[in-house]
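**Q** what's the 3D shape of this:
(one chain, ligands or ions: 1)
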Amino acid sequence: MKRIYSKLIEVSEKPLKTAELIGGKYIVVNLLGKGSYGYTYLVNDQQGNLLVLKQLRKYKMLEESGRNSFKREANILKTLNCSAFPTFYEHFEENNKQFIVMEHKKGSTFEEIIFRENISYTESSAFNELYHILHLVKYIHELGFIHRDLRIPNILKNDKEYFIIDFGLARKLEDQTSLIEKKVNHLEKQLYREIAFKSDFYALGHFLLFLLYSSFEPISKKKRSWEEELQLTPIAKKVLRKMLQLDEPYAEVQLLINDVKECI
Ligand SMILES: Nc1ncnc2c1ncn2[C@@H]1O[C@H](COP(=O)(O)OP(=O)(O)OP(=O)(O)O)[C@@H](O)[C@H]1O
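**A** Alright, predicted model coming up:
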């Protein structure tokens with residue numbers, strides 16, 4: 001019954017409209033995305049600055065874990081005091097809806113770079129991108145956090161900098177209680193969501209595959225594994241196999257950085 005009620009709320013909820021005023025001071029410019037937890041908007045503040053406003057979906061407000069998720073994201077963003085991550089501005093409730101406001105990072109996501117800008121990467125240039133991103137991951141891991149969602153839409157770059165966004169699923173390393181928060185049955189999801197450094201490396205292994213496949217020209221219609229399809233050097237293959245947990249995973253980020261350097 002609770003599930004039906006929650007589903008009804010989910011399907012009947014509509015996002016905010018363009019030009020709508022929220023929190024008495026933010027004007028909606030456009031909807032950036034609709035994720036599982038809620039809506040993400042680009043908004044203008046009163047000084048005309050572009051910011052990101054995230055809204056928690058109503059059905060998420062029904063569960064304690066949902067209600068706490070913005071609080072947790074806000075705390076993580078406050079702790080990550082570095083220009084590579086969005087600055088946290090505020091967390092507020094209005095008409096029983098929860099919102100979080102943060103800095104808008106100006107850049108293209110790797111999803112846009114690969115699929116819209118059609119940039120293709122060689123083995124060396126793909127590992128070079130990973131090398132830069134791993135320094136941000138090192139900062140996150142050294143503070144004891146695991147991002148758990150390092151996918152191509154959550155990693156951005158412009159001509160000068162790299163950024164990591166979306167800390168909605170991030171957890172503190174010792175916060176193993178989150179594991180029982182939601183039972184993850186699917187093996188692939190478990191590998192992304194385990195609260196361990198290796199799950200961020202696993203996600204970045206897939207990130208790297210996206211970059212490497214950008215220059216792949218299929219010669220046959222037959223579906224083969226990445227190891228058969230991509231012409232990688234032995235060291236690149238070794239690093240990817242460890243990242244994807246096909247071989248003993250890296251215990252910590254510096255060991256991965258050292259190997260990635262060899263592939264550039
Ligand atoms: N702080 C930010 N700065 C710049 N762009 C952002 C920021 N936060 C989100 N975005 C953009 O908004 C898009 C949508 O964000 P959102 O977190 O809703 O998306 P999603 O990744 O599609 O959903 P989910 O989190 O369920 O996977 C992102 O892909 C990104 O392009």
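
**Q** The residue lying closest to residue 150 once chain neighbours are set aside: what secondary structure?
**A** Closest residue to residue 150 apart from its sequence neighbours, by C-beta to C-beta, 6 or more residues apart in numbering: residue 203 at 4.0 Å. Where you see a C-beta, it was placed from the backbone N, CA and C, and this is true even at glycine. Following DSSP: H, G, I helix; E, B strand; the rest coil, residue 203 is assigned to helix.

**Q** Isn't residue 203 up against residue 154?
**A** No: Residue 203 is beyond contact range of residue 154, at 9.1 Å (criterion: C-beta atoms under 8 Å).

**Q** which one of these two has more residues nearby?
**A** Neighbour tally, residue 203 and residue 154, criterion other C-beta atoms under 10 Å: the higher count belongs to residue 203, 24 against 20.

**Q** so how far is residue 57 from the more buried one?
**A** Distance of residue 203 to residue 57, given as C-beta to C-beta, to the nearest Å: 23 Å.

**Q** What number of residues are in the vicinity of residue 40?
**A** Residue 40 has 20 neighbouring residues, counting by other C-beta under 10 Å.

**Q** Could you pull up the residues touching it?
**A** Residue 40 sits next to 31, 32, 33, 34, 52, 53, 54, 55 when contact means C-beta atoms under 8 Å, 6 or more residues apart in numbering.

**Q** Check the secondary structure at the second one for me.
**A** It refers to residue 32. Classification of residue 32 using three-state DSSP returns strand.

**Q** Would you mind listing what in this structure touches the ligand?
**A** Contacts of the chain with the ligand, taken as C-beta under 6 Å from any ligand atom, map to 32-33, 35-36, 40, 52, 86, 102-105, 109, 153, 165-166, 168.

**Q** low pLDDT regions in the stretch 51-200 of the chain?
**A** Low-confidence segments of the stretch 51-200 of the chain, defined by pLDDT under 70: 177-185.
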